[in-house]
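Novice: Next one to model:
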Amino acid sequence: MCVAAACNQSANADYPEWRWSDKETPADEFVEPNPDIAGKGWTNITADYAAMPDGLSIYRSPEQLQGVNAIAYIAVADLSRVTWDVRSIDDPNLQGTKDELRTPSQFYAESPAPVMVNGGFFYTDGGKRYNASVAVSGGRTYGVNINYASQDWVTIYYPTRGVFYQADGSLATGWTYYVNESAHYLYDTPAANSWDADPLPVPGATFPSEAAAFVAETAIGGGPVLLKGGEIYNTYPEELFDGPNGILCDSRHPRTAIAATDDGRLVLFVCEGRNMTEGVPGFTSAEEAAILKDLGCTEALNLDGGGSSCMIINNRETIKPSDGSQRSVASVVLLKSR
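Specialist: Below you'll find the model as predicted:
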């Protein structure tokens with residue numbers, strides 16, 4: 001319907017310039033925060049989860065990675081707006097604790113965070129729980145990397161094992177060795193151990209390289225180191241993660257990893273495996289390293305995997321845990337708003 005006076009206006013009359021767009025523009029048009037990752041075929045599914053903090057994005061993998069069927073997820077954190085932390089049993093010196101292991105969802109119930117993954121290695125013995133990997137939160141040590149290994153408990157080796165840490169605001173990987181509270185060393189190269197050779201000397205201040213004191217604001221241990229300085233390392237033989245009691249780095253399994261890009265983004269990675277979804281085997285550690293490098297990561301550490309691998313987002317599972325349900329673990333890594 002037109003207003004009569006307006007309809008009777010001459011076609012040549014002067015009208016005010018039309019000041020409104022004929023096409024509405026959404027008030028909150030989505031801008032992809034990590035175009036380099038989306039450009040690799042990863043799908044941004046952040047909107048599937050309620051109340052994700054600014055600076056934290058969730059992605060699902062393409063159907064294949066490294067030519068292998070994949071179900072994988074990453075959480076990408078802009079550390080100017082998001083922070084990372086570690087929750088762990090309290091075993092700072094390899095003496096064990098009565099603290100209970102917990103599933104990621106149980107850790108979440110005690111300390112909710114938008115994203116949480118399983119952390120480092122652990123074991124139980126004699127009614128105690130032991131961290132076998134570094135765990136540092138707020139500058140306080142809750143766990144250290146185990147400082148011995150053996151296949152027959154006659155010949156003892158002394159591996160340096162991987163750590164991912166933040167110190168002075170920077171993210172990095174390295175290798176550590178714990179002697180005691182006064183001698184916890186950080187190296188930029190691992191001791192070149194091998195099950196096929198005699199044990200190397202016990203690491204110290206000058207072996208396997210000049211050491212620094214290991215001091216971190218936040219840290220999680222595991223291994224092997226996958227990336228350092230933008231190069232693939234995958235030092236599982238040197239860290240003695242191969243052999244019959246190892247973590248099967250050369251075969252495909254569920255994996256969890258923590259990584260950083262050269263512009264300071266933190267990435268948590270998890271992949272399904274062991275055919276929990278038919279035809280999805282998981283990845284070798286070499287494939288895991290290549291995936292993370294392809295995503296632009298320059299530092300990366302493998303965490304505990306297999307049945308421990310789990311990522312929860314707002315306490316919702318992503319992959320299907322290969323145990324059939326979440327495994328109780330010693331530590332978790334979480335992302336939350338600053």
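Novice: Can you tell me the centre-most residue of this structure?
Specialist: By C-alpha atoms, centre = their mean, the mean C-alpha position of the chain lies nearest to Ile258, the distance being 2.4 Å.
Novice: Run me through the strand neighbours of whichever strand or helix holds that one, direction for each.
Specialist: Element membership for Ile258 (DSSP states H and E) is strand 255-261. Strand 255-261 has the following sheet partners, assigned by DSSP bridges: strand 265-271 (antiparallel), strand 297-302 (antiparallel).
Novice: Make TSV out of the ones you listed and add mean neighbour count and mean pLDDT.
Specialist: Every C-beta, even on glycine, is put in place using the N, C-alpha and C of the backbone. Formatted as TSV, these follow (neighbours: other C-beta atoms under 10 Å; pLDDT from 0 to 100):
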stretch	mean neighbour count	mean pLDDT
strand 265-271	25	98
strand 297-302	26	98
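Novice: Columns distance to Ser133 on top of the ones you listed, output as CSV?
Specialist: Formatted as CSV, the strands paired with strand 255-261 follow (distance: least, C-beta to C-beta, whole Å):
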stretch, distance to Ser133
strand 265-271, 16
strand 297-302, 10
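Novice: Ile312: which of those is closest?
Specialist: Ranking these by proximity to Ile312 (C-beta to C-beta) places strand 265-271 first, at 9.7 Å.
Novice: Name the residues that touch the very next helix or strand once past the closest one?
Specialist: Using DSSP H and E, the next helix or strand after strand 265-271 towards the C-terminus is helix 285-294. Helix 285-294 has contacts (C-beta atoms under 8 Å, 6 or more residues apart in numbering) with 40, 65-66, 68, 72, 224, 226-227, 230, 232-234, 236, 247, 249-250, 252, 255, 257, 259, 267, 269, 271, 283, 300, 302.
Novice: can you check stretch 174-182 too?
Specialist: 92-94, 134, 144-145, 147, 158, 160-163, 165, 184-191, 202-204, 211, 214, 221, 225, 228, 235, 239.
Novice: Roughly how far does the residue lying closest to Arg255 once chain neighbours are set aside sit from Phe122?
Specialist: Closest residue to Arg255 apart from its sequence neighbours, by C-beta to C-beta, 6 or more residues apart in numbering: Gly305 at 4.5 Å. Distance, Gly305 to Phe122, using C-beta to C-beta, to the nearest Å: 13 Å.
Novice: Likewise for Glu210?
Specialist: Counting by C-beta to C-beta, the separation of Glu210 from Phe122 is 30 Å.
Novice: Then Thr189?
Specialist: 26 Å.
Novice: again with Ile156
Specialist: 20 Å.
Novice: Neighbour count: the two, which is higher?
Specialist: Phe122 (24 against 11; other C-beta atoms under 10 Å).
Novice: Tell me which residues touch the more buried one, please.
Specialist: Contacts of Phe122 (C-beta under 8 Å, 6+ apart): Ile89, Leu101, Arg129, Tyr130, Asn131, Ala132, Ser133, Asp304, Val329, Ala330, Ser331.
Novice: As JSON lines, those residues with secondary structure, neighbour count and distance to Ser61 would be great.
Specialist: JSON lines is the format used below for these (DSSP: H, G, I helix; E, B strand; the rest coil; neighbours: other C-beta atoms under 10 Å; distance: C-beta to C-beta, whole Å):
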{"residue": "Ile89", "secondary structure": "coil", "neighbour count": "23", "distance to Ser61": "31"}
{"residue": "Leu101", "secondary structure": "coil", "neighbour count": "15", "distance to Ser61": "29"}
{"residue": "Arg129", "secondary structure": "strand", "neighbour count": "19", "distance to Ser61": "33"}
{"residue": "Tyr130", "secondary structure": "strand", "neighbour count": "20", "distance to Ser61": "33"}
{"residue": "Asn131", "secondary structure": "strand", "neighbour count": "30", "distance to Ser61": "30"}
{"residue": "Ala132", "secondary structure": "coil", "neighbour count": "22", "distance to Ser61": "29"}
{"residue": "Ser133", "secondary structure": "coil", "neighbour count": "28", "distance to Ser61": "26"}
{"residue": "Asp304", "secondary structure": "coil", "neighbour count": "28", "distance to Ser61": "20"}
{"residue": "Val329", "secondary structure": "strand", "neighbour count": "26", "distance to Ser61": "23"}
{"residue": "Ala330", "secondary structure": "coil", "neighbour count": "30", "distance to Ser61": "27"}
{"residue": "Ser331", "secondary structure": "strand", "neighbour count": "29", "distance to Ser61": "25"}
